[in-house]
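*Asks:* Show me how the following folds:
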Amino acid sequence: MDTDSAVAIADDVRAGRCRAADTCDESLGRIERLDPTLNALLETTHEPYGLETLENSPTRKRTHGEVQGPYGMIKNFAIGALALRTRTINSLCGPVLCLIAVGIAGCPLLMPDLLAELLAPPQPSPKPAPPACQEIGRTFTAQGFASVTVICGGVFGSDPRKLNDRSEVIGDLHVDRSGFLIADGMVIDLGDLNPTGINDAGLIAGSFTVPQRIAPAATTSHFDRPAVYEDGEQTQLPAFPGGEIGRALAINNAGTLVGWAVNGPPVFALPFPSQGRHIPAMWHRVEGQWQITTLDGLPDDPYSWADAIALNEREQVLVRGLDGQSTGSFLWETGVLTELPTLGGAWTEARDINDAGQVVGQTSNGQLEETPTSDRLRPEDRSQVRRAFLWQDGVISDLGTLGGQSSQAIAINNLGQVIGQADTPEFGFFSEFASYAIDRPFLWQEGVMVDLNDLVPPDAGVTITVVVDINDVGQILAWARFVETDESAIVLVDLPD
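*Replies:* Next comes the predicted model:
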């Protein structure tokens, strides 16, 4: 086969013109005939048809992360095997890997779609549109009650994350993983940024993902890069020497960020590539340049997998996972590490900290939940009772529930107001064999827990379902449901004086 014929066939495959006409066997035959000439082509003047195409292919980006389970694993392996074969056609390794992939995944999985994917020139990914918020500004209010204001209605699959004192909200869309900022009644598209924290100056902490080839599998996986968003610009933050992977998870008003990073490149492992060891990280801006540091005094355990998840203005940092699991929570301050206690159980999960050093979260108390169907489960299959807690100066306190068994605290502000979710005495049923406790959002202040919906005007026609964050001016970021339409919206709840 001459060069012009090989290029013509490649163009046909890329354009999809041969998919309808070619059977599976015919496609395989075309590839067998095409390979010798295409191999020479790849090594000379037609590099865009080669292996580099795989890394930048929008189809490849879309496939990874969405196709999960055994099918996704087989397909990713097949892609890598076929790409490797293209590069090493004259060696034994490439054909063997391809034959294995074909045998496992089947011809329809590989041909002709994967060939077209391998040969396709890179195309820019379409930029996702910002969410189409509806009913912005709609308010439910009454004298003596909290007011509820819609900041984004009619958006399904969105995930509001954090709220600052200027009523600015960050979050992301599950549908296409695009970040958004809601400010001054407008929705601002943050593109591929996954936002996780925002301060009162509008600086946003987060991360973005990039494809990266992992040897020796010749497959591409997506890994996080820490980032900060400021004045419309996204800047990648430095990681530890030897690596680029990490995430910024929180930011204070001084502009200090915390999160995690790794100190080496990703590692090939089965069934999934490993990002490497998570190390708690802190970022400061020094003379206009971002610098990364570790948290002094942490144990040098090569098996630990720890994240710095929150901090206050005193740079007290919450760290999770130093015990080699994801169940331990610690308070770090200038090199001193304090393990947070439980209420008698096996684990504690810290969630937030205020400037007074008060920590909230959830912890187990050593008991098992009792439900209408719990007698049908083995003890090891039953859920543990978890309780919302407040920790300060070495003392942990149980915040209680709304009449049920379990609760969790989600956030605390500098006024000492705590929000979270708590079980009621009511239960719902998945089936006659499975039941669950019905929970409600709560506000805890001055030792008293109340159902947040008791503070909403009773005839407002809106029900607060899930709380997300609380700021220092007494606003709560939450999800709400309209009673008449059963639709959901992101709302701000302004607490009464």
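
*Asks:* which residues does A350 bridge with?
*Replies:* Per DSSP bridges, the residues bridged to A350 are G361.

*Asks:* Contact partners for the nearest residue to E168 once chain neighbours are set aside?
*Replies:* Nearest non-adjacent residue to E168, counting by CB to CB, 6 or more residues apart in numbering: A183, 4.5 Å away. (Each C-beta comes from the backbone N, C-alpha and C, glycine too.) Shown in contact with A183 (CB atoms under 8 Å, 6 or more residues apart in numbering): 166, 168-169, 202.

*Asks:* And these, which two are furthest apart?
*Replies:* V169 and G202 (11.6 Å; CB to CB).

*Asks:* circling back: between the contacts of A183, which has the most around it?
*Replies:* V169 (25 neighbours; other CB atoms under 10 Å).

*Asks:* who are the neighbours in contact with that one?
*Replies:* Applying CB under 8 Å, 6+ apart, the residues near V169 are 151-152, 160-163, 181-183, 477, 490, 492.

*Asks:* Confirm D454 sits in a helix?
*Replies:* Yes: assessed with DSSP: H, G, I helix; E, B strand; the rest coil, D454 lies in a helix.

*Asks:* Can you report how many residues lie near it?
*Replies:* The tally of other residues near D454 (other CB under 10 Å) stands at 13.

*Asks:* ok, which stretches of this protein are helices?
*Replies:* Using DSSP state H, the helices assigned to the chain run over residues 3-15, 24-42, 52-56, 58-63, 69-87, 93-105, 107-110, 113-119.

*Asks:* Low-confidence stretches in this protein?
*Replies:* Regions of the chain meeting the criterion pLDDT under 70 cover residues 1-132, 155-157, 174-177, 212-222, 264-276, 301-304, 322-327.

*Asks:* domains for it, by residue range?
*Replies:* With domains defined by automatic domain parsing, the chain comprises 3-119, 139-494.

*Asks:* does the residue nearest to E168 have beta-bridge partners, and which?
*Replies:* What pairs with A183, by the bridge criterion (DSSP bridges), is M186.

*Asks:* nearest residue to A489 other than its sequence neighbours?
*Replies:* Using CB to CB, 6+ apart and skipping the chain neighbours, the partner closest in space to A489 is G153 (3.6 Å).

*Asks:* just I438 next, same as before
*Replies:* Excluding its sequence neighbours, the residue lying closest to I438 (CB to CB, 6+ apart) is E426, at 4.4 Å.

*Asks:* wait, the one you found sits on D439?
*Replies:* No: the criterion here is CB atoms under 8 Å, and E426 misses it with D439 at 9.4 Å.

*Asks:* Determine the residues that are contacts of both of those two.
*Replies:* Taking CB under 8 Å, 6+ apart as the criterion, E426 and D439 both touch G404.

*Asks:* Pick out whichever of those two has more residues nearby.
*Replies:* Counted by other CB under 10 Å, E426 and D439 do not tie: D439 has more neighbours, with 20 against 12.

*Asks:* For A489, see how far away Q134 is.
*Replies:* 8 Å (CB to CB, to the nearest Å).

*Asks:* Of the two, give the one with the bigger neighbour count.
*Replies:* Of the pair Q134 and A489, A489 is the one with more neighbours under other CB under 10 Å, namely 24 against 13.

*Asks:* who are the neighbours in contact with that one?
*Replies:* Residues in contact with A489, defined by CB under 8 Å, 6+ apart, are 135, 150-155, 479-482.

*Asks:* Over to D192?
*Replies:* 177-179, 208-209.

*Asks:* Please apply the same query to E370.
*Replies:* E370 makes contact with Q405, according to CB under 8 Å, 6+ apart.

*Asks:* I'd like to know how far it sits from V385.
*Replies:* Here the criterion is CB to CB. By it, E370 lies 9 Å from V385.

*Asks:* who touches both of these two?
*Replies:* Taking CB under 8 Å, 6+ apart as the contact rule, E370 and V385 both touch Q405.

*Asks:* Just give me the neighbour total for G185.
*Replies:* The burial count assigned to G185 is 11, neighbours taken as other CB under 10 Å.

*Asks:* Was I right to think it contacts C133?
*Replies:* No: counting by CB under 8 Å, G185 sits too far from C133 to count as a contact (9.0 Å).

*Asks:* Determine the number of other residues adjacent to L399.
*Replies:* Close neighbours of L399, defined as other CB under 10 Å, add up to 21.

*Asks:* Pretty sure it sits against R387.
*Replies:* Yes: in terms of CB under 8 Å, L399 counts as a neighbour of R387; the distance is 7.1 Å.

*Asks:* Give me the common contacts of these two.
*Replies:* In contact with both L399 and R387: S407, using CB under 8 Å, 6+ apart.
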